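Trainee: 3D model of this:
(one chain, ligands or ions: 2)
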Amino acid sequence: MADIGRDLQQAASYLTQGELVAIPTETVYGLAANAFDEAAVVKIFEAKNRPAFDPLIVHTHSVSEISNIAREVPDVAYKLAERFWPGPLTLILPKAEHIPLLVTSGHDSVGVRIPRHPLTLELLRQLPFPVAAPSANPFGYVSPTTAQHVQDQLGERIPYILDGGACEVGIESTILRIEGDEVEVLRLGGLALEELQEVVHISKARIKTSASNPAAPGMLSSHYSPRKKMLLGSIPENLQKVDPGRVGVISLQQSFPEVPREQQIQLSTSGDLSEAARNLFSALRTLDAQPIDLILAEPMPESGLGLAINDRLQRASFQG
Ligand code: TXA
Ligand code: MG
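Mentor: Ligands and ions are numbered 1, 2, ... in the order given. Coordinates of the predicted model:
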């Protein structure tokens with residue numbers, strides 16, 4: 001099993017030796033390796049069982065480092081970076097020459113992010129290289145939001161998990177592709193569209209978050225999935241069709257007397273969608289471990305982080 005601790009020296013030492021370390025971020029835990037060390041980056045794909053076509057995000061600690069990662073940083077990227085970094089936003093920019101193609105899955109662009117977690121920011125400041133880090137889950141499964149989630153699934157495959165507590169945002173970063181002054185949304189995430197729109201206008205046509213978008217490799221229809229089958233829709237309606245004793249329920253606020261208490265989770269009893277996002281992945285994991293046949297979930301209101309939560313729920317319930 002991996003050691004779990006808060007020892008930055010230890011984490012830095014493993015990373016410097018080309019080993020993997022799980023790191024906390026405000027969105028989800030990441031599985032980090034030296035972004036310049038191809039042999040280390042290969043270990044990420046192996047540990048996660050991740051297909052080579054799915055590119056990794058490069059994480060750094062300050063905007064002044066971006067020019068080492070991207071060869072071109074349009075003004076709008078700086079504007080977004082100044083406003084939202086550190087934070088749950090990833091920018092896809094033209095890649096710098098020395099970023100290995102392995103990191104970008106052969107693309108001429110690279111994802112960059114400054115995460116907002118004090119422990120990880122301190123680690124990144126101590127390292128002489130940026131880290132490539134996907135979410136620290138086996139490919140296709142639910143992302144981890146605690147050190148224990150990482151231990152449960154990848155503990156046998158990595159030496160160290162830096163424990164930064166439960167993730168404050170709880171879903172992955174919002175991904176924007178930037179080309180010149182064109183901005184496109186490739187993944188809805190922890191930064192709400194309403195907040196982004198305050199800085200840059202993004203039309204509906206530029207929100208390209210469907211699974212078939214070749215610009216966002218790795219965004220598959222079936223993703224973020226628990227092992228249990230999941231049904232997304234009106235919970236009262238779906239409860240009519242099943243044995244309520246054998247299902248799990250994920251709702252925003254409502255409880256259902258016919259379903260056993262330990263099989264239902266309200267994401268936010270006050271209806272706060274940020275709180276709901278924070279609780280989402282833990283809820284999926286908790287219900288996945290219950291003796292049930294099916295998880296029933298309902299769509300969230302379509303504002304704030306509700307859109308990103310619905311994206312995750314749709315992918316988690318997709319049956320191809
Ligand atoms: O919040 C997050 O973004 C977390 C934390 C650890 O930072 N990371 C994360 O990484 O969610 P991952 O690998 O699970 O998802 C990253 C996604 C890829 O699946 C891909 O769709 C997109 O980012 N991506 C990365 N680099 C890209 C590129 N050069 N072009 C297009 N899409 C890219
Ligand atoms: Mg992921």
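
Trainee: alpha carbons only for contacts and neighbour counts from here, please
Mentor: Fine.

Trainee: and the gap between the residue most central in space within the chain and ligand 1?
Mentor: For the chain, the residue lying nearest the average C-alpha position, counting by C-alpha atoms, centre = their mean, turns out to be Glu172 (2.6 Å). The gap separating Glu172 from ligand 1 is 3 Å, by C-alpha to the nearest ligand atom, to the nearest Å.

Trainee: Per-residue pLDDT of that residue, please?
Mentor: Per-residue confidence for Glu172 comes out at a pLDDT of 97.

Trainee: dump the residue contacts of it.
Mentor: Counting by C-alpha atoms under 8 Å, 6 or more residues apart in numbering, Glu172 makes contact with Thr27, Val28, Pro88, Ser135, Gly189, Gly190.

Trainee: mind redoing it with 7 Å?
Mentor: If a contact means C-alpha atoms under 7 Å, 6 or more residues apart in numbering, then Glu172 has Thr27, Val28, Gly189, Gly190 as its contacts.

Trainee: which one of the residues you listed sits closest to Arg246?
Mentor: Using C-alpha to C-alpha, Val28 is the member of those that lies nearest Arg246, at 29.7 Å.

Trainee: Apart from its neighbours in sequence, what residue is nearest the closest one?
Mentor: Using C-alpha to C-alpha, 6 or more residues apart in numbering and skipping the chain neighbours, the partner closest in space to Val28 is Thr145 (4.9 Å).

Trainee: how about the helices of the stretch 101-250 of the chain, start to end?
Mentor: According to DSSP state H, counting those that start in this stretch, the stretch 101-250 of the chain carries its helices in the segments 118-126, 147-154, 193-197, 235-239.

Trainee: Report the buried residues of the third one.
Mentor: Of the residues in helix 193-197, Leu193, Leu196 count as buried by neighbour count, 16 or more other C-alpha atoms under 10 Å.

Trainee: Ok, the last one next?
Mentor: Under the neighbour-count criterion of 16+ other C-alpha under 10 Å, helix 235-239 has Ile235, Leu239 buried.

Trainee: Also the first one?
Mentor: Of the residues in helix 118-126, those buried under the neighbour-count criterion (16+ other C-alpha under 10 Å) are Leu119, Thr120, Leu121, Leu123, Leu124.

Trainee: how near is the closest residue to the last one other than its chain neighbours to Val199?
Mentor: Pointing back at Leu124 there. Spatial nearest neighbour of Leu124, excluding adjacent residues (C-alpha to C-alpha, 6+ apart): His61 at 5.7 Å. Taken as C-alpha to C-alpha, to the nearest Å, the spacing of His61 relative to Val199 amounts to 22 Å.

Trainee: Equivalent analysis for Asn34, please.
Mentor: According to C-alpha to C-alpha, Asn34 and Val199 sit 32 Å apart.

Trainee: what do you get for Pro260?
Mentor: The gap separating Pro260 from Val199 is 46 Å, by C-alpha to C-alpha.

Trainee: Tell me where the model's unsure across the stretch 101-250 of the chain.
Mentor: Counting by pLDDT under 70, the low-confidence segments of the stretch 101-250 of the chain come to 211-218.

Trainee: go again using 50 as the cut-off
Mentor: Low-confidence segments of the stretch 101-250 of the chain, defined by pLDDT under 50: none present.

Trainee: For the stretch 151-300 of the chain, which segments count as strands?
Mentor: Taking DSSP state E, counting those that start in this stretch to define them, one finds strands in the stretch 151-300 of the chain at 160-162, 174-179, 182-187, 229-232, 247-251, 264-266, 294-297.

Trainee: Please dump those into a markdown table; it should also carry mean neighbour count for every row.
Mentor: Output for the strands of the stretch 151-300 of the chain, formatted as a markdown table (neighbours: other C-alpha atoms under 10 Å):
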| stretch | mean neighbour count |
| --- | --- |
| strand 160-162 | 26 |
| strand 174-179 | 22 |
| strand 182-187 | 21 |
| strand 229-232 | 20 |
| strand 247-251 | 25 |
| strand 264-266 | 22 |
| strand 294-297 | 23 |
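
Trainee: TSV please, covering those strands and showing distance to ligand 1.
Mentor: Shown next, in TSV, are the strands of the stretch 151-300 of the chain (distance: least, C-alpha to the nearest ligand atom, whole Å):
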stretch	distance to ligand 1
strand 160-162	13
strand 174-179	7
strand 182-187	7
strand 229-232	21
strand 247-251	22
strand 264-266	23
strand 294-297	22
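
Trainee: For whichever helix in the chain runs longest, list the C-alpha coordinates in CSV.
Mentor: Scanning the chain for the longest helix, with DSSP state H as the assignment, gives helix 273-288. Extracted in CSV, the C-alpha atoms of helix 273-288 (Å, rounded to 0.1, in the frame of the first residue of the first chain):
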residue,chain,number,x,y,z
LEU,A,273,-24.8,23.3,-6.0
SER,A,274,-21.2,23.9,-5.0
GLU,A,275,-21.8,21.7,-1.9
ALA,A,276,-23.5,19.2,-4.2
ALA,A,277,-20.4,19.1,-6.5
ARG,A,278,-18.1,18.6,-3.5
ASN,A,279,-20.2,15.6,-2.4
LEU,A,280,-20.9,14.0,-5.8
PHE,A,281,-18.0,11.6,-6.3
SER,A,282,-17.9,10.4,-2.7
ALA,A,283,-21.7,9.7,-3.0
LEU,A,284,-21.1,7.6,-6.1
ARG,A,285,-18.4,5.6,-4.3
THR,A,286,-20.4,5.1,-1.2
LEU,A,287,-23.4,3.8,-3.1
ASP,A,288,-21.2,1.7,-5.3
